[in-house]
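Chemist: Need coordinates for the below:
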Amino acid sequence: MIYLDNSATSRYKPICVKLACLKELYNSANAGRSSHKASMRAAMKIEETRQTVRKHFFDGNVIFTKNCTEALNLAILGSNLNRQVITTVYEHNSVLRPLKYLEKLGKITLKIIAPDKNGLLTPLENALNAATSMVAVSAMSNVNGYALPIAEIAKAVKARSNALVLVDMAQAAGHIRLQYDHIDMIASSGHKSLHGLQGSGFLLAKNSVKLKPIMMGGTGISGLSLDPPVILPDSFEAGTANNIGIVCLAKGIEWTMKNFHRLNSKCRRLQDMLVEELEKISKIKIYGANNGVVLFNIGNMPSSDVGDILSKNYGICVRSGLHCAPLMHMYLGTNNTGAVRVSIGANNKSGDIVSLIEAILEIAQKS
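Modeler: Residues are numbered from 1 along each chain as shown. The predicted model follows:
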């Protein structure tokens, strides 16, 4: 099997992550729920992971979640948003749906901007003429890998407003390094390009950001009170923590950042190799190729058909259809057919790309 769906979940997990997983399986305990050694050890390992996140991103409150969707929902629903919120056509439904929910409740007005001929900055500056509570923007599109100019966007927001800047880094973490001076919160998954396990993610918020919990339950503190405490990070991590996923996330981050340039150079090289050959096939339309992600269609074939053929006939795993980002597909003009997404990762070699190109050529010739 050739796996080229790393934007969904990275196939490759480094040895350090696998060993940490096995070790934590034999050291299971509930962090922060008891005073015995096993519980204290689990709590300590989680705190060490918070420090790892701060080290590689920025100092602030680290809240562990089960994925980036939960982190984004916490950032949006847990903030006191009561005015305009600005977002973009590049966003995932994890941003769009909670914002649409708040709009329907009458709590916010939602402004969705698209780039003009010069990009996003002019539409953003125009939108900021209205009082704004938050600007929520993806650092890297999950559809075609396009990296947005986050530093310029965040700087423009802070120059014109007091709005919170929330950055979705589900795809970007591990691929792109940002400047965080004007960013208030970032949300990330752990299982994509940070090479951790599924079921892990985090929200990192600067100390000045005020949030309220959106999920309540046991926290290990204020046990006699039925009123939920608001103490960071405990109040935002109700229930039993995913100790294994959190510890493995630390190992994945460290490994990814140590190998950052090597990994991304390889992704770009294999991406360019794929694009060069796809451009020779007349029926192929490419919608973007960035950061190891290539988005394309074969003629008028539904992308789901292409994905099924690649899987069943060639043993090649790609993502096809609509990638939980409907506005981006409307912007690209692929909302009717969807599109085939190839996402290259640490697991891939040039032979994988050669096999993919041969398969696509055969499919195109028969279509």
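
Chemist: just the strands in the stretch 201-350 of the chain please.
Modeler: Assigned by DSSP state E, counting those that start in this stretch, the stretch 201-350 of the chain shows strands spanning 201-205, 284-290, 293-298, 316-317, 319-321, 339-343.

Chemist: Also the stretch 1-150 of the chain?
Modeler: Under DSSP E, counting those that start in this stretch, the stretch 1-150 of the chain gives strands at 2-3, 61-65, 84-88, 109-113, 132-138.

Chemist: So, low pLDDT: which residues of the stretch 101-250 of the chain?
Modeler: Applying pLDDT under 70 to the stretch 101-250 of the chain flags the ranges 218-230.

Chemist: which residue ranges form the helices in it?
Modeler: Assigned by DSSP state H, counting those that start in this stretch, the helices in the stretch 101-250 of the chain fall at 121-127, 150-160, 243-258.

Chemist: out of the ones you listed, nearest to Ala31?
Modeler: helix 243-258 (6.0 Å; Cβ to Cβ). From N, CA and C alone the C-beta is placed, and that goes for glycine too.

Chemist: From the rest of the structure, what touches the closest one?
Modeler: Applying Cβ atoms under 8 Å, 6 or more residues apart in numbering, the contact partners of helix 243-258 are 13-14, 16-17, 20-21, 24-25, 28-29, 31, 42, 45-46, 48-49, 52-53, 56, 64, 66, 174, 190, 193-200, 202, 263.

Chemist: Buried by neighbour count: which residues of that helix qualify?
Modeler: Residues 243-257 are the ones in helix 243-258 that count as buried (16 or more other Cβ atoms under 10 Å).

Chemist: Ile298: which of these is nearest?
Modeler: Nearest member of those to Ile298, counting by Cβ to Cβ, is Thr256, at 32.8 Å.

Chemist: residues in contact with the nearest residue to that closest one once chain neighbours are set aside?
Modeler: Of all residues not flanking Thr256 in the chain, Gly174 sits nearest, at 4.7 Å (Cβ to Cβ, 6 or more residues apart in numbering). Gly174 is in contact with 192-195, 256-257, 260, 263, counting by Cβ under 8 Å, 6+ apart.

Chemist: go again using 10 Å as the cut-off
Modeler: Counting by Cβ atoms under 10 Å, 6 or more residues apart in numbering, Gly174 makes contact with 10, 56, 188-189, 192-196, 252-253, 255-257, 259-260, 263-264, 291, 345-346.

Chemist: can you check Leu203 too?
Modeler: Leu203 neighbours (Cβ under 10 Å, 6+ apart): 53, 60-65, 68, 70-75, 78, 166, 185-188, 209, 211, 233, 236.
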